[in-house]
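*Asks:* let's see this in three dimensions:
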Amino acid sequence: MPKYFNTTAICRPKEHYMVDITEKLKQIKRMVDAGQYFTINRARQYGKTTTLRALQAFLKDEYIVISLDFQMLSSADFSTEMAFVDAFSSELLDACEEVPNKISDDLNNLIGKRTTLSMLFRILSKWCGISSKGIILIIDEVDNASNNQIFLDFLAQIRGYYINRDVKPTFQSVILSSVYDIKNLKQKFENGAEPRRNSPWNIAADFLVDMSFSAKEIEGMLNEYESDYHTGMNTEISANLIYDYTAGYPFLVSKLCKLIDERVAGSKNFPEKTDAWTKAGIIEAVKLLLNEKNTLFESLVNKIQDYPQLHEIIYELLFNGKTILYNSLNPSIEAAEMFGFIKNNDGQVIVSNRIFETVLYNLFLAEDIFKS
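*Replies:* Predicted coordinates:
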């Protein structure tokens, strides 16, 4: 079956044209080797899950990797401590084939009984103590649990074992993945308390790995495609042009390539792939992308509606040309960066890429027209 450019769910090297992320995995592994606990918080469709899946394979020979997805848990699983322990234990047993029989029996004995997080962690600590390999805990989609006291208690347990790792065996490394920054998570509890900042994850190391794609990395992916289709394109020029529009945002890179390959090629003005993989063909793909409705653009619009401060900061950048100094402590800038709207460019705030810039400009322009 021929490969294709993928923009949905996980990318798989045997099925899809992909950027080689080996160097990024090596950087992450160095953090794991150092015993660091950290979060990978990036905007939607930034390749987090694909990276975690590749990391699991990258680490498996040296470590035992427990890879869980909190998206698989229901809201009921976070309703009580007992429900969470049941769900977590069941998911762990399903996800990891290397659980020793004794530990498996202990976890199974927790399920359906009046258990606590401390009982669960004692079993996990025992496993870490007897294992000949370091154990890595990876949890994806932790956003699904973030507004929940049980989740905070879970993080507090991990934090406690990390602090006491010299006397209590614990995980070699813990990796959480989400859009929201778990290190400084805004919480609102059901008891009517005011929203507050809670930092049960202040043990986390800074995650500085650049998950965007460089022009050189995009070129490598295009070289693989070119070896299959022989379009005659200059892969370096094409990669640089794609990067100019996307700034390496993974979804946008794959989406443009997919549009060129599947919609531009074969169209009236670009009948062959050789016609499509040109500057004109890439520009045509950009036009198609800007005129479509996709999940990433819908997410941008939803965030603008949910967070009025985002609307204000983006509007000031695009329409008033205001210079905004980058300050990570500013809540509006923090939110805009977390959701992928803006980035730090030598101390100044700019919109993340030309695609977002155009989408948001058109959105605000339409708003102003309808207001007038």
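*Asks:* any stretches of this structure with poor pLDDT?
*Replies:* 146-147, 183-200, 370-372 (pLDDT under 70).
*Asks:* just want the most central residue of it.
*Replies:* Central residue of the chain (Cα atoms, centre = their mean): Lys48, 3.1 Å from the mean position.
*Asks:* quick one: classify the nearest residue to that residue once chain neighbours are set aside as helix, strand or coil.
*Replies:* In this structure, Lys48 finds its nearest non-sequential neighbour in Ser177, 4.8 Å apart by Cβ to Cβ, 6 or more residues apart in numbering. In this view, the C-beta of every residue, glycine as well, is placed from N, C-alpha and C. Here Ser177 is recorded as strand under DSSP: H, G, I helix; E, B strand; the rest coil.
*Asks:* what's around Ser177, how many residues?
*Replies:* Using other Cβ atoms under 10 Å, Ser177 has 24 other residues around it.
*Asks:* repeat for Asp33
*Replies:* Counted by other Cβ under 10 Å, the residues lying close to Asp33 total 14.
*Asks:* next one: Thr51
*Replies:* Neighbour tally, Thr51, other Cβ under 10 Å: 24.
*Asks:* what sits against the residue nearest to the centre of the chain?
*Replies:* Ile40, Arg42, Asp140, Ser177, Met211 (Cβ atoms under 8 Å, 6 or more residues apart in numbering).
*Asks:* kindly report the same for Ser254.
*Replies:* By Cβ under 8 Å, 6+ apart, Ser254 lies in contact with Phe5, Asn6, Thr7, Cys11.
*Asks:* now the residues you listed: which count as buried?
*Replies:* Neighbour-count burial (16 or more other Cβ atoms under 10 Å) applied to the contacts of Ser254 gives Phe5, Asn6, Thr7, Cys11.
*Asks:* quick one: the helices in the stretch 101-250 of the chain, in order.
*Replies:* With DSSP state H, counting those that start in this stretch, the ranges of helices along the stretch 101-250 of the chain come out as 101-110, 117-130, 149-163, 215-229, 235-246, 250-259.
*Asks:* now the fourth one: buried residues?
*Replies:* What that stands for is helix 215-229. For helix 215-229, a neighbour-count test (16+ other Cβ under 10 Å) marks Ala215, Glu217, Ile218, Glu219, Met221, Leu222, Tyr225, Glu226 as buried.
*Asks:* what do you get for the second one?
*Replies:* Within helix 117-130, the residues that count as buried by 16+ other Cβ under 10 Å are Leu117, Leu120, Phe121, Ile123, Leu124, Ser125, Lys126, Trp127, Cys128.
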